[in-house]
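Engineer: with the sequence up front, the predicted model follows.
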Amino acid sequence: MTAFSRLVEKVGRGTLQGLDEVGFAAVLLAECLYWLAAGRRKRQPVRVAAVFQQAREIGVNALPILSVLTFTIGVMLAIQGIYTLKTFGAESRVATGIALSVVREFSSLITGVLVAGRSGSALAARLGTMKINQEIDALTVMGIEPVRYLVAPPLVAMVVMVPALTMWAHLVALFGAGLYVTGQLQISFGAYVSQVVEALRLADLGHGLAKSGIFAVLITLVGVVNGALVSGGAEGVGRMTTRSVVHAISAIVITDMIFAFAVTR
Amino acid sequence: MNTEAPIIEVEGVVAHYGQREVLKGIDLAVDDGEIMVIMGGSGSGKSTLLNHLLGLLRPSRGTVRLLGRDINRLPAMELLELRRRMGVAFQSGALFSSLTVAENILLPLREHTDLDEHTMAIIARLKLEVVSLSGFGDLMPAELSGGMVKRAALARAIVMDPKLLFCDEPTAGLDPVVSSSIDQLILRLRDALGMTIVVVTHDLDSAFRIADRICVLEEGRVIAIGSKDEIRSSGSERVQNLLNRRSKEVTLDPDAYLRRLFGEG
């Protein structure tokens, strides 16, 4: 009985803490939007230069690794697609399958996971280090709103760059798949491209991009919340950085499913 | 020093960490242009008191008034305004590790003024001269020695020419020569710029070099407050223990000792 009540207590505490963090994330998001809208009037503007710097770090610097990953995913999808469709003797339709799965699913998912691992964790580590080093207190007592200065720029940069990276991921993945498909099925690249274009509607593109926008917000908030909760020195920073990656990726995968369920049926 | 209202007024401040009462009703007033040293051993509550003076923590009861304004009842925007008129040098320096020393010092100017870059650079160099760090502006905080970090933090704290300056352990962990030069610097700041300065320290030598008045804290209470001579000649045994570096006599109750060892509360 005591073991059971301990379990109940543990689950209860965990749930409360989770709710607490979700609430904190919501407050952060609201504060960011407030400073973005009213910051200039209140003499606490969100600096464009800071947004650009973050955008370069989150977006431009991620391009090489993102290209490698999505190219590989494209080829992998082509291999598996042709293998699967062979069962029905429908290999020639593989371009449709590849186009839809890349644009609706894989690009945004891989981009989200990559950015969570690269930039979400960096955000958590940076804020966590600043917190234990009293740098956030220093900002506060200087009269510089920490949310405005530290959270709003990466949020804006993420919301712009993650969908942009996803667009790039579409192109690279479809190119990779195209190379394999044209080689295997002896069709011209032009024919492959026209099949892809024919398969896609604007709504499919919108589906993938809308998801990547949501992922961008999730990655930022999870990173910031975990960074702000750091306690206990360097070890604490490491722990919360890991936690932020795990949470961000879980949030991305679950949101992906819910979004697809809500929008696709 | 003069007849105006005190710059800092603390009335009946009580603070808790969880259930534990850390400040047990603090009353304190700091006059214009005076150097007040808050002194006490580890765990006396002096850092907690400083955090309340800075508005980083809210008291459970009592009021803190800076420059005549109750900082816990002030609207957020006016609090930000007030914070532009005070400077804080944190114990660890709390320099932003991603910015150079000069950029650290420039940050409050960049955020709070509309001065052009050239003027701001001159002001930053001026402040570096004041703390004898000229020529070190391009270094990163990680490249500075302990004493230089404290000086750079002071330079950043005074860059807006604040009315009120807080220093947390400005000489802790420094050799006697460097710490005496920092004491000289603090005295110069008060004499040349007319600042009101609050210094939190456990360094007795430094306290008696710089203080106009000393406030001695122990276990969350003010046990003595007065000029250097008043503190030196204080009849209180606890004050004399602190001044003469005597540890507190611990009377041992064998029964209670055994109960503690066996974890029986």
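Structural biologist: Perfect, I can see it now. Since the model is a prediction, treat every value here as computed from it, not as a measurement.
Engineer: residues touching the closest residue to chain A within chain B, list them.
Structural biologist: Nearest to chain A in chain B, going by CB to the nearest CB, is B:R83, at a distance of 3.5 Å. Where C-beta positions appear, they are placed from N, C-alpha and C, glycine not excepted. Going by CB atoms under 8 Å, 6 or more residues apart in numbering or on different chains, B:R83 touches A:T140, A:V141, A:M142, A:G143, B:G55.
Engineer: which element is the closest residue to the third one other than its chain neighbours on?
Structural biologist: Taking CB to CB, 6 or more residues apart in numbering or on different chains as the measure, A:M142 lies nearest to B:P108, with 5.2 Å between them; neighbours along the chain are not counted. Using DSSP states H and E, the secondary-structure element containing B:P108 is helix B:101-112.
Engineer: A helix includes B:V216, no?
Structural biologist: No. Counting by DSSP: H, G, I helix; E, B strand; the rest coil, one finds B:V216 to be strand, located in no helix.
Engineer: can you list the buried residues in the helix or strand harbouring A:G178?
Structural biologist: For A:G178, the host element (DSSP H and E) is helix A:152-185. Buried positions in helix A:152-185, judged by neighbour count with 16 or more other CB atoms under 10 Å in any protein chain shown: A:152-170, A:172-178, A:180-182.
Engineer: which other helices and strands contact it?
Structural biologist: Judged by 3 or more CB pairs under 8 Å, 6 or more residues apart in numbering or on different chains; DSSP states H and E, the packing partners of helix A:152-185 are helix A:2-38, helix A:48-58, helix A:63-86, helix A:94-101, helix A:107-115, helix A:189-199, helix A:202-228.
Engineer: what packs against the fifth one?
Structural biologist: Yep, that's helix A:107-115 we're talking about. Counting by 3+ CB pairs under 8 Å, 6+ apart, helix A:107-115 packs on helix A:63-86, helix A:152-185, helix A:202-228, helix A:233-264.
Engineer: what residues does the stretch 51-200 of chain B have near chain A?
Structural biologist: On the criterion CB under 8 Å from any CB of the partner chain, chain A has as its neighbours in the stretch 51-200 of chain B the residues B:54-56, B:77, B:80-84, B:86, B:88, B:90-92, B:94-98, B:107-108, B:111-112.
Engineer: among these, name the buried ones.
Structural biologist: Here, 16+ other CB under 10 Å leaves B:54-55, B:80, B:82-84, B:86, B:88, B:90-92, B:94-96, B:107-108, B:111-112 buried among these.
Engineer: show me the contacts for the residue of the stretch 151-265 of chain A found nearest chain B.
Structural biologist: Closest approach between the stretch 151-265 of chain A and chain B, counting by CB to the nearest CB: A:G233, at 12.1 Å. By CB under 8 Å, 6+ apart, the contact set of A:G233 is A:I132.
Engineer: do B:N51 as well
Structural biologist: B:L57.
Engineer: element containing it, please.
Structural biologist: Counting by DSSP H and E, B:N51 is found in helix B:46-53.
Engineer: report the distance from that helix to the chain centre.
Structural biologist: Relative to its parent chain, helix B:46-53 has a centroid offset of 8 Å by CA atoms, centre = their mean, to the nearest Å.
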